[in-house]
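A.B. asks: What follows is a protein structure lacking sequence information:
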Ligand code: 6PG
């Protein structure tokens, strides 16, 4: 019997698309789903097209059959909901596996779970890979960005297949890389999602100001975003902003869908994971965390509506003529985005040091150039800037190619934050992107004052500017 190159468990949209992607690149892949009818339907719908593309999809109704169909070492991708379902599938698989087999979790798992699973399977002579996959349904089918964490030998086994299904970067190379050991792949994917939250929040702040201050209708805002996406803000998220804003409301046949969508943002928690992790490690990722908070406050719709009756916040837009404001906004968003990346990269670096992971920010930027949700022209700029500077890991604000960009665009970020805030429109992500940059590049901060207060009420001691050591003052005497 011809054996399959890979196995995949979990045929929800992401899993089925990933399996079809492998088959379309000539791989033979066995699939298993808890509900057997789903497997049968999948095979019925897609196996003939897979065959035409030179690959094969093989359905299995039981684990024994599934396992026997795989060549060794077995490479089994799990694509189920993060959390206990992943542990459940691993527990079911374990009795069937043999030393050397590789289990790959391609879902959005929390990196600490991945670390635990890595060690648990290692103790049994098995390899566990935590694979961050970004790009949604479309990426899973046609090419995603893949961040792999685990043992280097697992990477060597999987590299050819993953390179075949990955998206391409700006030079046509596959957007897949070995990030580092254990949970490093899922960690970097988590930070990717944090940046995704922050960028979307900044875009929504720009949308709100254009809508409120300039009274623009969705198609007019779409035109502005479309123009932005043809320039330095070129990216997937700015591209999709255009159809989201232009879509008419099919249900009522009146107006635009965006005006009918309730202003309550959902989340699956990966942004909050990044924020909590940053707090634990003492790293400031304020724009990412503000984006998480903005979703939280959006969720309290009833309370917001009730309170708005008490306060009736009067918006007094202080606006520049629109043609003057648009280029400022474009530059502000660009500087804001760089600041978000600086925050996310700072977190990655701190974690890499603490966990002893040898991460490479040029390479991480490169694999985000294509396939993933935050893919953007800017990622190529970041990749090249790190590559040219020769530094794999210095602060993004210190990288020569970035210094000139920030010097050029931060004044416009400052102007936009000022104008928007003065108008009574909230701009938490853009404002913190500015404040983060200012504080991270400031020789002096006001923390001396905090230290004085702490020492007064709690004898917490302080350091001095003119000599080493810890000091305490008897402030009352
Ligand atoms: C991706 C996305 C993907 C998913 C997020 C969204 O990279 O493909 O990030 O992972 O869309 O889970 O998360 P929220 O539901 O929390 O916005």
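C.D. replies: Arrived safely, thanks for sending. Keep in mind that what you see is a predicted model, and the values were worked out from it rather than measured.

A.B. asks: All the strands of the stretch 51-200 of the chain, in order from the start?
C.D. replies: Assigned by DSSP state E, counting those that start in this stretch, the strands in the stretch 51-200 of the chain fall at 56-60, 75-78, 102-105, 127-134, 145-149, 176-180.

A.B. asks: Rounded mean pLDDT for the host helix or strand of residue 414, please.
C.D. replies: Residue 414 belongs to helix 400-422 when assigned by DSSP states H and E. If you average the pLDDT over helix 400-422, you get 96.

A.B. asks: can you give me the angle the next helix or strand after that helix makes with helix 400-422?
C.D. replies: Next helix or strand after helix 400-422 toward the C-terminus (DSSP H and E): helix 428-440. Computed by axes from the mean of the first three to the mean of the last three Cα atoms, to 10 degrees, the angle separating helix 428-440 from helix 400-422 equals 130 degrees.

A.B. asks: can you give me the mean pLDDT across helix 428-440?
C.D. replies: Confidence for helix 428-440, expressed as mean pLDDT, is 98.

A.B. asks: what about the closest residue to the ligand within the chain, neighbour count?
C.D. replies: The ligand sits closest to residue 134 of the chain, with a gap of 3.0 Å, by Cβ to the nearest ligand atom. In short, each C-beta sits where N, CA and C put it, glycine included. Neighbour count for residue 134, taken as other Cβ atoms under 10 Å: 25.

A.B. asks: Pretty sure it sits against residue 189.
C.D. replies: Yes - using Cβ atoms under 8 Å, residue 134 is in contact with residue 189, at 6.4 Å.

A.B. asks: And the pLDDT for the nearest residue in space to residue 459 that is not next to it in sequence?
C.D. replies: Spatially, and ignoring its direct neighbours in sequence, residue 459 is nearest to residue 472 (5.5 Å; Cβ to Cβ, 6 or more residues apart in numbering). On the pLDDT scale, residue 472 is placed at 98.

A.B. asks: Residue 472 contacts residue 464, correct?
C.D. replies: No - taking Cβ under 8 Å as the definition, residue 472 is not a contact partner of residue 464, at 11.3 Å.

A.B. asks: Which positions in the stretch 1-150 of the chain make contact with the ligand?
C.D. replies: 108, 134-136 (Cβ under 6 Å from any ligand atom).

A.B. asks: Which among the strands of the stretch 51-200 of the chain is found nearest to residue 13?
C.D. replies: Among the strands of the stretch 51-200 of the chain, the nearest to residue 13 by Cβ to Cβ is strand 127-134 (12.6 Å).

A.B. asks: picking that back up, to residue 300, which of the strands of the stretch 51-200 of the chain lies closest?
C.D. replies: Proximity to residue 300 (Cβ to Cβ) singles out strand 127-134 among the strands of the stretch 51-200 of the chain, at 29.3 Å.

A.B. asks: Next up, the contacts around the closest residue in space to residue 178 that isn't next to it in sequence.
C.D. replies: The shortest distance from residue 178 to any non-neighbouring residue, by Cβ to Cβ, 6+ apart, is to residue 155 (4.1 Å). For residue 155, the contact set (Cβ atoms under 8 Å, 6 or more residues apart in numbering) comprises 129, 148, 178.

A.B. asks: Which parts of the stretch 1-150 of the chain are helices?
C.D. replies: 13-24, 36-52, 63-68, 84-93, 111-122, 136-142 (DSSP state H, counting those that start in this stretch).

A.B. asks: same for the first one, what does it pack against?
C.D. replies: Put plainly, it is helix 13-24. Packing partners of helix 13-24 (3 or more Cβ pairs under 8 Å, 6 or more residues apart in numbering; DSSP states H and E): strand 6-9, strand 28-32, helix 36-52, strand 56-60, helix 136-142, helix 152-165.

A.B. asks: And the contacts of the longest one?
C.D. replies: Translated: helix 36-52. With contact meaning Cβ under 8 Å, 6+ apart, helix 36-52 is reached by 11, 16, 19-20, 23-24, 31-33, 56-61.

A.B. asks: Closest to residue 256 out of those residues?
C.D. replies: Closest approach to residue 256 among these (Cβ to Cβ): residue 16, at 32.2 Å.

A.B. asks: who's in contact with that closest one?
C.D. replies: Counted by Cβ under 8 Å, 6+ apart, residue 16 has contacts 31, 42, 46.

A.B. asks: same deal with residue 159?
C.D. replies: Residues near residue 159 by Cβ under 8 Å, 6+ apart: 176, 178.

A.B. asks: Tell me who's in contact with the residue lying closest to residue 19 once chain neighbours are set aside.
C.D. replies: Sequence neighbours aside, residue 8 is the residue nearest to residue 19 in space, at 4.8 Å (criterion: Cβ to Cβ, 6+ apart). Each residue near residue 8 by Cβ under 8 Å, 6+ apart is listed here: 15, 18-19, 22, 29-32, 76-79.

A.B. asks: Name the residues linked to the closest residue in space to residue 114 that isn't next to it in sequence by a beta bridge.
C.D. replies: Closest residue in space to residue 114, ignoring its immediate chain neighbours: residue 130 at 3.4 Å, by Cβ to Cβ, 6+ apart. Beta bridges link residue 130 to residue 105, residue 149, judged by DSSP bridges.

A.B. asks: what's the neighbour count on residue 130?
C.D. replies: Here the count is done by other Cβ under 10 Å, and residue 130 has 31 residues near it.

A.B. asks: correct me, but it touches residue 108?
C.D. replies: No - Residue 130 is beyond contact range of residue 108, at 10.3 Å (criterion: Cβ under 8 Å).
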